[in-house]
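S.K.: Kindly return the folded structure for what I paste below:
(one chain, ligands or ions: 3)
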Amino acid sequence: MAYIAIPRKYRPQKFSEVTGQEFITETLRNAVATGRVAHAYIFAGPRGVGKTTTARIVAKALNCENPENGEPCNQCPQCVEITKGSHPDVIEIDAASNRGVDQIRELRESVHYAPVKGKRKVYIIDEFHMLTKEAFNALLKTLEEPPEHAVFILATTELDRIPPTILSRCQKFIFRRIPEETILQTLKEICQKEGVEWEEEALRLIAISSEGCMRDAESLLDQAIALGQGKVETKAVSEFLGILTGKEVRELLSLGFKGEKEELKKRLKKLEIEGYNPVYVTKQLIELIEREFLSNSEFSEEELTAAFEIVSRGYRELQTHPYPFTLLFFTLYKLSYFKEIKKLSELLNGNLTVTTEEKPAEKKTKNGNSTIKAFIQKVEDKGSFVEVYPKNFTAYQMLKTKTEKLKELFSKNVKLIEPEVKEASRKKISPESEQKIDSMIKILNAKILELRPKGKDENSNS
Ligand SMILES: Nc1ncnc2c1ncn2[C@@H]1O[C@H](COP(=O)(O)OP(=O)(O)OP(=O)(O)O)[C@@H](O)[C@H]1O
Ligand SMILES: [Mg+2]
Ligand SMILES: [Zn+2]
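M.R.: Ligands and ions are numbered 1, 2, ... in the order given. Have a look, this model is predicted:
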C-alpha cells in the first residue's frame, strides 16, 4: 500500500475520535442525534486542531444511512464517499486559493437544488476569512434564507476578520489548542498502531514543540520515525527539534541555583549557536519546576516556588526581548540570589543552628555543653563570677535561657553580656513577619539585585 502521511492516515472519522474538543464534538453529536442541526456554523481556532476534520464528520453524520447516536457509521456508501472526498453533496471550498468569488456565486445558485445523493448539502468553506468583500456579501444573502437542506460550516483561524453581519447568523464554536498530555497520548497510540518503539520523553518533546497543534505533532512524529528508522529516541528527537532533554533542563536549573555563571553562560551560548528556541527552553524549565514541586525534589518547596515566579517572569519578557538568551541567562542566574535571601530570613528568625554550619557534628551532641560553647565568643573570669560574651544577639537570647547550664559549666556565677546590636535585628521575628518574608521572597525577584550584599562577586565580572 502506498505510504500515507500520519496526519492523513489518522484523521478522526468520528466525533468520539476528535481529541481535546469534547465540548464541541459532544454538542454537535447531540445536535445530529436529535435533529437540531443549525444552518450555519463557524468553526474558529488555531491551525491543525480539528476544524476541517470535525466539519467532515458533521457532513458524514448528516448523510449517513445508519447513524448511531449521531455518529456516522463509516461503512455505508454515503460515509465512504465523503471520507474519500468525492461525495457530490459535500462541497469543500478553499477560500484561500481563489478567494472564493466564483465559487460563492456558483454556490448561491446551486444551493437551492436538492441534494443529489444524500440527505443534506454541506458546504465547508475553509480559510473563510480570506473571502473578498463581494464573496462575503454573496454568502450573506444565502445565510439569510438558507434552503432547508443546506448546512454551512465556515472554518477560520481568524475569527476577528469575520464581519459581524455573518457572525450573528452562525452558531460559533471556538476550537482550542490541544493540551500537551492529550497530544502525548495520541502520539503513543499512533506509535502503537504503527508498531514503532518509542521513548516517552521523545514523544513529550514532540508534543511540546507542536504547541497544541495536532497536525504538527503528527507530522513531526512522521519525521521522527523516518529519522530513527522505526524507533523514536529522545536524543535524536531533541537535536532534531532543538528542544532540551529533561536531564539538560535540570542541569540548567541547577546551575542557576548554584550561581555558576561561567558554566551557565557556556551552556546557553551553545544552545543559541545550535539554534535552540529560548521560548521552549523556558517552557521546559517551568514544566520541570512544576514536576519537581509535585515530587520528592532535591530542591526545597520555597526554592521551587521562587524559581517558578522568576522563570515565569522571564518567560513573559522573553517574547519581546531583543536578546532572549541573555535574558534567560540572567533569569537563571537570579535563582542563586534566592539562597542569600533564604539565609537572611533564617538569620532574622534566629535560626542559627541552621546557618552556622561550621561544626555540624556539635549540633547533635546529647550533652548540651558543646552546643552552648558554640554560642560563646569569649569568657572573662572576674574572680567570683565569669563574664560570658555571646557570639551575637541570637546567641545571647539562646544563652539567656540556659543560665543554669552555664553556671554548671563554669562552676561559678555567670554574668551574660548583651552584645551591641542594631535595634532592628534585635527583634524576634513573629510568624506574621516570617510569612511576609516568605511572600517577599516570591515577589522580590526583580528587587533581589538591590538587596544583594555588596562586594559579593568582586572576583568575577563577566
Ligand atoms: N482534535 C484532534 N484530534 C485528533 N486529531 C486531530 C485533531 N486535530 C487535528 N488532528 C489531526 O491533524 C490533522 C489536521 O486537522 P484539521 O485539518 O482538522 O485541522 P484544522 O483545524 O482544519 O487546521 P487548519 O486551520 O490548518 O485547516 C488531522 O488529519 C488529524 O490527523
Ligand atoms: Mg482546516
Ligand atoms: Zn454511514
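S.K.: I'd say residue 178 and residue 49 touch.
M.R.: Yes. Contact status for residue 178 versus residue 49: in contact at 5.8 Å, counting by CB atoms under 8 Å. For every residue, glycine as well, the C-beta is placed using N, CA and C.
S.K.: contacting residues around the closest residue to ligand 3 within the stretch 151-300 of the chain?
M.R.: Per CB to the ion, residue 151 is where the stretch 151-300 of the chain lies closest to ligand 3, at 16.5 Å. Neighbour list for residue 151: 37-41, 58-59, 62, 120-123 [criterion: CB atoms under 8 Å, 6 or more residues apart in numbering].
S.K.: Check the secondary structure at it for me.
M.R.: strand (DSSP: H, G, I helix; E, B strand; the rest coil).
S.K.: Can you name the residues bridging to it?
M.R.: With DSSP bridges as the criterion, residue 151 is bridged to residue 122.
S.K.: pLDDT value on it, please?
M.R.: For residue 151, the pLDDT comes out at 96.
S.K.: Pull out the buried residues from the lengthiest helix in the chain.
M.R.: Determined from DSSP state H, the single longest helix within the chain is helix 301-318. For helix 301-318, burial by neighbour count (16 or more other CB atoms under 10 Å) applies to 303-312, 314-315, 318.
S.K.: Next: stretch 157-167.
M.R.: 157, 162, 166.
S.K.: Is there contact, residue-wise, from it to ligand 2?
M.R.: No. Stretch 157-167 lies apart from ligand 2 when judged by CB under 5 Å from the ion; the minimum separation is 8.4 Å.
S.K.: outside of that stretch, which residues touch it?
M.R.: 42, 44-47, 127-129, 136, 139-140, 143, 154, 156, 172, 174.
S.K.: same thing with stretch 323-338?
M.R.: Contacts for stretch 323-338 (CB under 8 Å, 6+ apart): 252-253, 255-259, 261, 264-265, 268-269, 271-272, 278-279, 281-282, 285, 302-303, 306-307, 310-311, 313-314, 317-318, 321, 441, 445, 448-449, 451-452.
S.K.: let's go with 7 Å and repeat that
M.R.: 252, 255-259, 261, 264-265, 268, 272, 278, 281-282, 303, 306-307, 310-311, 314, 317-318, 321, 441, 445, 448, 452 (CB atoms under 7 Å, 6 or more residues apart in numbering).
S.K.: same deal with stretch 120-138?
M.R.: 52, 55, 58-59, 62-63, 89-96, 99-101, 104-105, 107-108, 111, 115, 149-156, 158, 161-163, 166.
S.K.: burial measure for the nearest residue to residue 197 once chain neighbours are set aside, as a count.
M.R.: The shortest distance from residue 197 to any non-neighbouring residue, by CB to CB, 6 or more residues apart in numbering, is to residue 231 (4.7 Å). Counted with other CB atoms under 10 Å, the neighbours of residue 231 add up to 15.
S.K.: Next up, phi/psi of residue 387, please.
M.R.: Phi and psi for residue 387, reported as degrees, to the nearest 10, are phi -100, psi 130.
S.K.: Ok, residue 112 next?
M.R.: According to degrees, to the nearest 10, residue 112 has phi -80, psi -20.
S.K.: What distance do you get for the closest residue to it other than its chain neighbours to residue 411?
M.R.: The shortest distance from residue 112 to any non-neighbouring residue, by CB to CB, 6+ apart, is to residue 147 (5.4 Å). Distance, residue 147 to residue 411, by CB to CB, to the nearest Å: 109 Å.
S.K.: Looking at the two, which is more packed in?
M.R.: More neighbours surround residue 147 than the other of residue 147 and residue 411, with 12 against 7 (other CB under 10 Å).
S.K.: quick one, domains of the chain?
M.R.: 6-174, 180-241, 246-333, 361-426 (automatic domain parsing).
S.K.: How about the first one and ligand 1, any contact?
M.R.: Yes. For a cut-off given as CB under 6 Å from any ligand atom, domain 6-174 has contacts with ligand 1, namely 7-8, 10-12, 18-21, 47-53, 126, 155, 157.
S.K.: Would you list the buried entries among these?
M.R.: 7, 10-12, 18-21, 48-53, 126, 155, 157.
S.K.: Could you tell me which of the residues you listed belong to helices?
M.R.: Members of those lying in helices (criterion: DSSP H): 7, 51-53.
S.K.: Can you tell me which of the buried residues of helix 301-318 is nearest ligand 3?
M.R.: For the buried residues of helix 301-318, the nearest to ligand 3 is residue 315 (47.0 Å; CB to the ion).
S.K.: ok, for that closest one, nearest residue in space, not its chain neighbours?
M.R.: residue 282 (4.7 Å).
S.K.: I'd like to know how many residues surround that neighbour.
M.R.: Other residues close to residue 282 by other CB under 10 Å number 23.
S.K.: isn't it right next to residue 319, touching?
M.R.: No. Using CB atoms under 7 Å, residue 282 is not in contact with residue 319; the gap is 10.1 Å.
S.K.: show me where the stretch 1-150 of the chain has helices.
M.R.: Assigned by DSSP state H, counting those that start in this stretch, the stretch 1-150 of the chain shows helices spanning 6-9, 22-33, 51-63, 77-84, 95-98, 101-110, 133-144.
S.K.: The third one near ligand 2 at all?
M.R.: Spelled out, it's helix 51-63. Yes. If you take CB under 5 Å from the ion as the test, helix 51-63 does meet ligand 2, through 51-52.
S.K.: Lovely, talk soon.
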